[in-house]
Every structure is written in structure tokens, then in C-alpha cells.
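> Turn this into a structure:
(chains A and B)
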Amino acid sequence: MEVSATTACADKIDNWSISAFRSAGPPIHKPARSGVTYFAGAAILAATSALTPAVHAADKEQPIYAGYFQDERALLIDELRQYEQLENGWDGADDDIAPSRAAIDEAIHFVENLPPFVDLPEPMVSSDGQVGFFWHDAKIYLDIGFRGQGECTFFGKFGDLKIKGKETVNGADPVPVSVLRFLAKVDHPDEVLV
Amino acid sequence: MRCSCEAEARGPFGPVADEEPLYRAAFSPKHLDKKGRLKPSVFPPSHIANKGLSLVRTQKVENSTLAEFCHALSAMQEGRQWCGGFEFSCAILRSIRDEDGRLICVFDDPTKAEDGVPANDAHAIAISYDGSMSDEDAMEVRAAIIKNAEQILLAK
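Below is the predicted model of the structure:
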């Protein structure tokens, strides 16, 4: 019987064995929902608003889709906050490093400042203390990491477009411009960016 | 010459061949995304750069032996849970180069029995050729691995 690894990890592991299940095809990490769903959701909300204005009257101070974006983002930030509970050795080795509060804060600040046109990424934490995000599907791979030292490192590929480097992050610039341009290019591949 | 250490046999299975499949196990549910798939965080940048990435040569062990080994490692520490892993060819790592040559070395590294974990003659290590690599370079290495790896999750 095939089961998800999530289930496997949540259960008693003694009876599990390797290799009875292999994923079909290359691994694809796709965000929980696509940009299409994003804007479809906003469109649905907007349409609903037009039909039932009384229900949405209290929301007229902000964009109609704001709550939708905030909920998704809030869940992601909540997952990052859970990394604060990790202790040294969390990944099973004595020398595993728990992520610093500063690294988690940098990651949160990054995701808080991603523009709405960008699909939200998956969060991740490595046993060397790096906190980060990744986007991965058939077209794009982008990996960004924070160590709480006022900079982020990144590597990404989208067709022939490649991005790689290290840039300063701070309160004024939580998302590197080069990363934003890369994500914008992914979202609108036919547009010329200046 | 970079990676000359690879030619030296340290255990009974000898040097790791290019075509050998290698397995990287994940021991925390934190490495699974919402759909139960493994994240790039299974490959910490500093392990690729200077600590060494712990791997298993899957052609040198039976699946049951590998499972026994991973279960034993899980049992060593509270909170450790074997969730699956990535399998990929050694050639992927050895094909990563700059203008001066190879960037990642892969060599056999048999481990002794310790704290209830059986000895593992099929253990191997991957590490940057000079033990020094930037985070962004290591992130490019893990992207290359993930692009070419197969996820092997657990099944009952």
C-alpha cells in the first residue's frame, strides 16, 4: 500500500521499508497553489462582492483580495515561526545547528515583502542553520537562504536565465532587486525588464 | 590534480564508480513539503562545502540492510525520523566543474559500528575539492543534484 512520507513519518516507523515506492518522474516541488489560482480566487471574490455588496461593505477600505493574500502569507510565516522551536541537534546529528532568530526574521521579512504577483514559495530549514525558501516546478528552480547575517544567498534557473549570488538584506531592502527581477521574469517571460 | 583522494580505497568496496547510485537519507519531517515531497534542505550547503555530505552506495547494500541502517540511525536520537531520501548517480556530482576542474569529490568512507548503529562499508562522502565553497555555489550543487535525483519515499 502506498502512503505519503508525511504519513510514514507521523506513524511508528519500525515497519516501514525503503524502495517499495519510488516517485514517478523527476521530483517537482510546486507551491501549494499557482498564480492562476491566486488571481482566479481574487476574481471570484471580486465577482462575489459585486453580487453581494452588503457582505463586503466592511472590506471596502482595502483591496478585495487582500485577505486572501494575507491568509496564505500568514500560514507561511507561521511555519517559519515554528523553526524557533528547533534546538541544536534537531536533524538527528549532535552538530546540527538550530536556525537563529535573526535568520528566521530575515526570512519572514523577505516573504512579507514579496509582491502579490509572486507565487509564495515553500519554506525550508537546513541542519547547518540556514533558513530559506524554494520554488521548483517543471520550469523554475529558485533557492534562497538566510543565516541572520544581513545577507541572503540564492541560486535559480528558468530556462536559459540563471541567477546566483549573495546580496545584503535589511529593513529597507528585504528582497534583493535581482531576485525580484528574476521572479518577475518568470511570471511575465515575454516582458522586457529594465 | 583535484579529487585525487577518490582513487584511494578506504574500505572493502573500494573507490566509488561514476555510474554508482548514491542515496542521501532524510531524517526529519521538516524536510518534507506539504505534499510529502523532499525539500532541497536535505542537502545543507555547509555539508557540501566543508563538512561532507553523508551518502550510501546503494549498489553495495541490500535494501533491507539500508533500511536497517536508517532505522538504527533514527533510533539513536529522539525526534529523528527516517522519511526517505534522494537517489542520484555519482556522475552528477563528478560532472560539476569550473574552468579549472572538478568541484565535488566523492570517496568511500566506511563507518564503524557505534551506539547501536551497525557498521556501514557502503558509506561515502561528497565534499567540495578544497573544503571551501560559498553558500551560493553549494546551492547550485544541490540544484544539480535535485534536478537529476529520484525521490525515494517510504512505503508500507
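
> Okay, B:Gly52 and A:Leu80: tell me how far apart.
28 Å (Cβ to Cβ, to the nearest Å). All C-beta atoms are positioned from the backbone trio N, CA, C, and that covers glycine.

> Tell me which of those two has more neighbours.
A:Leu80 (21 against 18; other Cβ atoms under 10 Å in any protein chain shown).

> pretty sure the more buried one is in a helix, no?
Yes - under DSSP: H, G, I helix; E, B strand; the rest coil, A:Leu80 falls within a helix.

> Identify the residues contacting it.
A:104, A:107-108, A:111, A:123, A:131 (Cβ atoms under 8 Å, 6 or more residues apart in numbering or on different chains).

> 10 Å - rerun?
By Cβ atoms under 10 Å, 6 or more residues apart in numbering or on different chains, the residues touching A:Leu80 are A:99, A:103-105, A:107-108, A:110-111, A:123-125, A:131, A:133.

> ok, the residues you listed vs B:Tyr129, which is closest?
A:Met124 (26.2 Å; Cβ to Cβ).

> and the closest one, how far is that from B:Pro45?
On the measure of Cβ to Cβ, A:Met124 and B:Pro45 end up 12 Å apart.

> can you list residues touching both of those two?
A:130, A:132, A:143, A:145.

> Tell me which other helices or strands the helix or strand hosting the last one touches.
In this structure, A:Gly145 is located in strand A:140-146 according to DSSP states H and E. Applying 3 or more Cβ pairs under 10 Å, 6 or more residues apart in numbering or on different chains; DSSP states H and E, one finds that strand A:140-146 contacts helix A:101-112, strand A:122-125, strand A:131-136, strand A:151-158, strand A:161-168, helix A:177-187, helix B:135-148.

> That strand - which strands sit beside it in the sheet, and in what orientation?
Next to strand A:140-146 in the sheet, as set by DSSP bridges, lie strand A:131-136 (antiparallel), strand A:151-158 (antiparallel).

> where are the low-confidence patches of the chain?
The chain I'm using is chain A. Per-residue confidence for chain A (pLDDT under 70) gives these ranges: A:1-70, A:188-194.

> meant chain B, my bad for not saying
B:155-156.

> show me the contacts for residue 97.
No chain specified, so I'll use chain A. A:86-91, A:103, A:125-130, A:147, B:44, B:46.

> Actually, chain B is the one I wanted.
Contacts of B:Arg97 by Cβ under 10 Å, 6+ apart are B:2, B:103-104, B:129.

> in the sheet, who's paired with it?
B:Arg102.

> Surely B:Phe86 is within a helix?
No - counting by three-state DSSP, B:Phe86 is not found in a helix; it is strand.

> Share the number of residues neighbouring it, please.
Using other Cβ under 10 Å, B:Phe86 has 23 other residues around it.

> Quick one: neighbours of A:Gln149, just the number.
12.

> That one in helix, strand or coil?
With three-state DSSP as the criterion, A:Gln149 reads coil.

> right, and it touches A:Ala103 too?
Yes - using Cβ atoms under 10 Å, A:Gln149 is in contact with A:Ala103, at 8.1 Å.

> Need the max-distance pair from the shared contacts of A:Met124 and B:Pro45.
Pairwise over the shared contacts of A:Met124 and B:Pro45, using Cβ to Cβ, the maximum falls at A:Gln130 and A:Asp143, 10.1 Å.

> Need the overlap of contacts for the two.
With Cβ under 10 Å, 6+ apart, A:Gln130 and A:Asp143 have common neighbours A:124, A:153, B:41, B:45, B:135, B:139.

> which residues does the first one bridge with?
What that stands for is A:Met124. Bridge pairing for A:Met124 - DSSP bridges - gives A:Gly132.

> what sits against the residue of chain B most remote from its centre?
Relative to the C-alpha centroid of chain B, counting by Cα atoms, centre = their mean, B:Glu99 is the outermost residue, at 24.9 Å. With Cβ under 10 Å, 6+ apart as the criterion, no residue contacts B:Glu99.

> Turn the shared contacts of A:Gln130 and A:Asp143 into CSV, including distance to A:Asp187 and neighbour count.
Converted to CSV, the shared contacts of A:Gln130 and A:Asp143 look like this (distance: Cβ to Cβ, whole Å; neighbours: other Cβ atoms under 10 Å in any protein chain shown):
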residue, distance to A:Asp187, neighbour count
A:Met124, 22, 27
A:Thr153, 22, 22
B:Ser41, 25, 28
B:Pro45, 27, 29
B:Asp135, 26, 24
B:Met139, 22, 27
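
> of those residues, closest to A:Arg73?
Using Cβ to Cβ, the shared contacts of A:Gln130 and A:Asp143 come closest to A:Arg73 at A:Met124, 16.7 Å.

> Next, give phi and psi for B:Phe107.
phi -140, psi 160 (degrees, to the nearest 10).

> Also the one 10 residues further on?
Its backbone dihedrals place B:Val117 at phi -90, psi 130, with angles given as degrees, to the nearest 10.
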